[in-house]
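# Sharing a sequence plus its predicted fold:
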Amino acid sequence: MNLTLKVWRQENADDPGHFEVYMAQDISPDMSFLEMLDIVNEYIIADDGEPIAFDSDCREGICGACSMVINGVPHGGQQGTTACQLHMRHFCSGDTVTIEPWRATAFPVHRDLIVDRTSFERIQQAGGFISVRTGSVPDANATLVPKGDADLAMDAAQCIGCGACVAACKNASAMLFVAAKVSHLSLVPQGQPERERRAIAMVKQMDKEGFGNCTVTGACEAVCPKEISIDFIGRLNREYGRAILKKGNA
Amino acid sequence: MVAKKKTAKSKVKTSVNKSSRNSADSMNVSSRAKKPFSLKPNIPPGPISEKWEKHKFNLKLVTPANKRKFEIIVVGSGLAGASSAATLAELGYNVKCFCYQDSPRRAHSIAAQGGINAAKNYQNDGDSVYRLFYDTVKGGDYRSREANVYRLAQVSVDIIDQCSAQGVPFAREYGGLLANRSFGGAQVSRTFYARGQTGQQLLLGAYSALNRQIGLGKVKMHCRTEMLDIVLVNGHAKGIVVRDMVTGKISRHSAHAVVLATGGYGNAFFLSTNAKGCNVTATFRAYKRGAGFANPCYTQIHPTCIPVSGSHQSKLTLMSESLRNDGRVWVPKDKKVAEKIRRGELKPSDVSEENRDYYLESKYPSFGNLVPRDLASRNAKEVCDEGRGVVASGLGVYLDFTDAIERLGENTVRERYGNLFDMYEKITGTNAYQNPMTIYPAVHYTMGGLWVDYNLMSNLPGLFAIGEANFSDHGANRLGASALMQGLADGYFVLPYTIGQYLAEIGEGDRPSLDDPAFISVQDEVECRINTMLSIKGERTPTSFHRELGQIMWDKCGMERNKTQLQEAIKLIPRLRQEFWSNLKIPGENASLNQSLERAGRVADFLEFGELMCRDALQREESCGGHFRSEHQTTEGEAKRNDDDFSYVSAWEYMGENKNPKLHKEPLKYEEVKMTQRNYK
């Protein structure tokens, strides 16, 4: 099949950027979206152009590197699917496909479709952990974790940190991401001692990074490739409120 | 040795004052100090169960107040890298950690599905440290180092405690205790798991520990930064040269010691289940600076991957091995029927039962579809080579769930494998409840790596290799759920102790200045290499060279190797390399984000490394584990080891440009486990 691509090109963070049109020809429906871009890039290089820069690594939907808005939807709109797992059979010959980077103040563009997501890193460095030193821990079965809690914690912990939630949100809010992290650790007994400190520190850092506020539109949940539930945002709000109200944390 | 080093150091200091950038001069400094290649495994004496305890006691310690005077570089941030960086920082060392991804959490450990082994014996089914040790040595086809494997089994129990305390959401039973499942190559349930995302959860645990240390300022994290070379000063590894992948800036970093946790080299085959960015550059650069590369021919081919769909394919996707518990593997008996299927004239359901060849069940009646990975893979290749493959390319066999669905009902099958069936449909567009899956083997893991001693230090003092980047624990074949165990064992519980010995020996003063001529010289070489690649301005992209190399490796050094083909590859690869250096095309420049340039550097190293793999496969005139030489098989087509002549670790020494590398051998002695022939009939 043949497609017309409108691709965001931006040389670096200072460049204002623009759309460029490319033809993607003889595309097999069995290709993944990124394989299609690989082919287009080979043609661009052959024509002495500079290939489209985009992040990808594992190409099996788990590393969270790939990050592009396809036809206005982060990861392209197939439910529970990252861009690397999106296949061309979901497109039709003759389609025009628009490809853009994540757009958010807290995710400045490095080049083309590659953005800087280190704001996510700093949020996690602020408190996304349980403080245990290697070796100074009890036997694993000394801490019982109810199965339901472990399963729910796992639902949250599946987050791949791609940032699609931010890209989909009209406010560029990182609430779903932070909610997933805070919920995972507050749901297991090991995370209790730092529960309040963690919620406050992570929310504080999130605000500092320039992410917008949550107005509960649910756009994040709709595009999340791991289908992380917006319920966790409710949980985060509760965790935060609980922490603030608890004496000594405000 | 210590005294000699001190004089050398004072020499360095004087030359620093001159701050010369004369590279010819400085190259002499590093070559002058080069020590002869020697392999000392440093295995502690005594009974196997006491070796590690005694060794830990005998290791020199660095006092807490002095630890903060040491700087350690960790390259890579997967399970081994993140866990070691965090643990070293917790101990008080200053750590610099580097990764090429935009976040340490994206390292390819994240993609591991199945689980992690540990000899906890929580199931009361007779597991023990000794049994895990025994299974691992046997599974590795008696080509691993006994003492290292025993230690691995010993510390495995601590890993589960550690990860659980970090909040890793392992699968639980209703009573709140940890759940286990069984996995290939073992008769006990010792595998801990977090759904099908165990690697992800363990990595996020190590990453959270790393984040804590970054927040505390003890680890300086450098993301989107690729190590391009290693710097030796007076024969000791003292730093690295890296490229900032956003700005292109080349910079030098010095430390008291360097730890490589840079993973495996499966991408030498271009198509593998590894992430696109996985590469051999760090370990290969170390090899070119004098580190021994051990067992490069040991590659694990995983039997259940989604077949290649066309020449556009960029990587392969693994489907969990657990599918073979209920799926039946078959191809048509008749080649003509297979041809019709390939042309789309027949559907699998059109092939009647008597015309199907359930080749694993008929050949291995007692293990059936559950034979080990290497056998399942080789047999699939065999039937496809006979022309009986069932996908358009001819390279694919059926994995059929029809019987399982009849026996258990679709719902039960969905409960067991639902996520895998979904993933399969996402990639292939085929519903595997209604049609059989098609699968084919793919490169998955590499057992070889930098040669290391019991302390995980390479033959270059100060250079350590951990996780998949070293060679020591899996022998010629790795068991399922053991990669995660080894990465974390090395990173949390082995290296943080053993590195202390080296640091205590050298003292805190032994950290050269960045203006040391050795550093300047390596940076010059790195820049020169980049400029050379950019200036070729030929016709072919790095990817096209990589694909071609991958095809050679797969055809001639893949699942089955023989002398003629390996010799052909050793002729073909240098030719391809020559073309690379004369016909490479990289658009753009160094001083920007340039993915073609990144790729070119990695491909350049694979183009040399592939040849080393072939040479290693050629010298190993036996079949063992993942290394199958067609000349060496039993009458029944099984791998035939030659313990008398080949129970050694091959460690290759780099001898210079266009010179054949030199083979060194570390003999393997089995004092605990009796070597036997594997039999799965």
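Received it, and whenever you're ready, just let me know what you need.
# who touches the closest residue to chain B within chain A in this structure?
In chain A, the residue that lies nearest chain B is residue A:144 (3.1 Å; CB to the nearest CB). C-beta coordinates here come from the backbone N, C-alpha and C atoms, glycine included. Residues near residue A:144 by CB atoms under 8 Å, 6 or more residues apart in numbering or on different chains: A:189, B:175, B:176, B:177.
# how much space between it and residue B:533?
For residue A:144, the distance to residue B:533 equals 57 Å [CB to CB, to the nearest Å].
# And for residue B:512?
28 Å.
# go on, residue A:226?
38 Å.
# what about residue B:199, which helix or strand?
Here residue B:199, judged by DSSP states H and E, is contained in helix B:198-215.
# Work out the sheet partners of the next helix or strand after that helix and label each with its direction, please.
Counting by DSSP H and E, the next helix or strand C-terminal to helix B:198-215 is strand B:219-222. Paired with strand B:219-222 in the same sheet, following DSSP bridges, are strand B:94-98 (parallel).
# quick one: buried residues of stretch A:93-109?
A:97, A:99, A:100, A:101, A:102, A:104, A:106, A:107, A:108, A:109 (16 or more other CB atoms under 10 Å in any protein chain shown).
# Going by distance to residue B:455, which of the residues you listed wins?
Of all the buried residues of stretch A:93-109, residue B:455 sits closest to residue A:107, with 42.6 Å by CB to CB.
# nearest spatial neighbour of that closest one, skipping sequence neighbours?
Sequence neighbours aside, residue A:115 is the residue nearest to residue A:107 in space, at 4.2 Å (criterion: CB to CB, 6 or more residues apart in numbering or on different chains).
# ok, back up a step: and the helix holding residue B:199, how far out from the chain middle?
Using CA atoms, centre = their mean, to the nearest Å, the distance from the centre of helix B:198-215 to the centre of the chain it belongs to is 20 Å.
# pLDDT of it, averaged?
Averaged across helix B:198-215, pLDDT comes to 98.
# Any idea which residue of chain B lies closest to chain A?
Proximity of chain B to chain A (CB to the nearest CB) peaks at residue B:176, 3.1 Å away.
# Need the three-state assignment for that residue.
Following DSSP: H, G, I helix; E, B strand; the rest coil, residue B:176 is assigned to coil.
# What separation do you get for residue B:206 and residue B:110?
11 Å.
# When these two are compared, which one has more neighbours?
residue B:206 (33 against 28; other CB atoms under 10 Å in any protein chain shown).
# Identify the residue nearest residue B:506 in space, chain neighbours excluded?
residue B:256 (6.6 Å).
# ditto for residue B:403
Spatially, and ignoring its direct neighbours in sequence, residue B:403 is nearest to residue B:328 (6.1 Å; CB to CB, 6+ apart).
# how many neighbours does the one you found have?
Neighbours of residue B:328 under the rule other CB under 10 Å: 19.
# beta partners of it?
Bridge pairing for residue B:328 (DSSP bridges) gives the partners residue B:400.
# Surely it touches residue B:370?
No: applying CB atoms under 8 Å as the test, residue B:328 and residue B:370 come out as separate, 11.1 Å apart.
# So the residue most central in space within chain B: helix, strand or coil?
Among the residues of chain B, the one closest to the centroid is residue B:264, at 2.7 Å (CA atoms, centre = their mean). Following three-state DSSP, we place residue B:264 in the coil state.
# these two touch, right, it and residue B:468?
Yes: using CB under 8 Å, residue B:264 makes contact with residue B:468 at a distance of 4.2 Å.
# what residues are shared contacts of the two?
By CB under 8 Å, 6+ apart, the residues touching both residue B:264 and residue B:468 are B:445, B:446, B:449.
# What's the local residue count around residue 158?
No chain in the question, so chain A it is. Residues near residue A:158, counting by other CB under 10 Å: 22.
# hmm, I had chain B in mind actually
Applying other CB under 10 Å, we find 19 residues neighbouring residue B:158.
# Name the helix or strand for it, please.
Using DSSP H and E, residue B:158 falls within helix B:146-165.
# just residue B:376 next, same as before
For residue B:376, the element it lies in under DSSP H and E is helix B:373-385.
# got a list of contacts for that helix?
Helix B:373-385 has contacts (CB under 8 Å, 6+ apart) with B:184, B:300-304, B:321, B:324, B:329, B:331, B:357, B:359-360, B:363-364, B:369, B:371, B:389, B:394-397, B:439-441, B:477, B:480, B:559-560, B:625-626, B:628, B:638-639, B:680.
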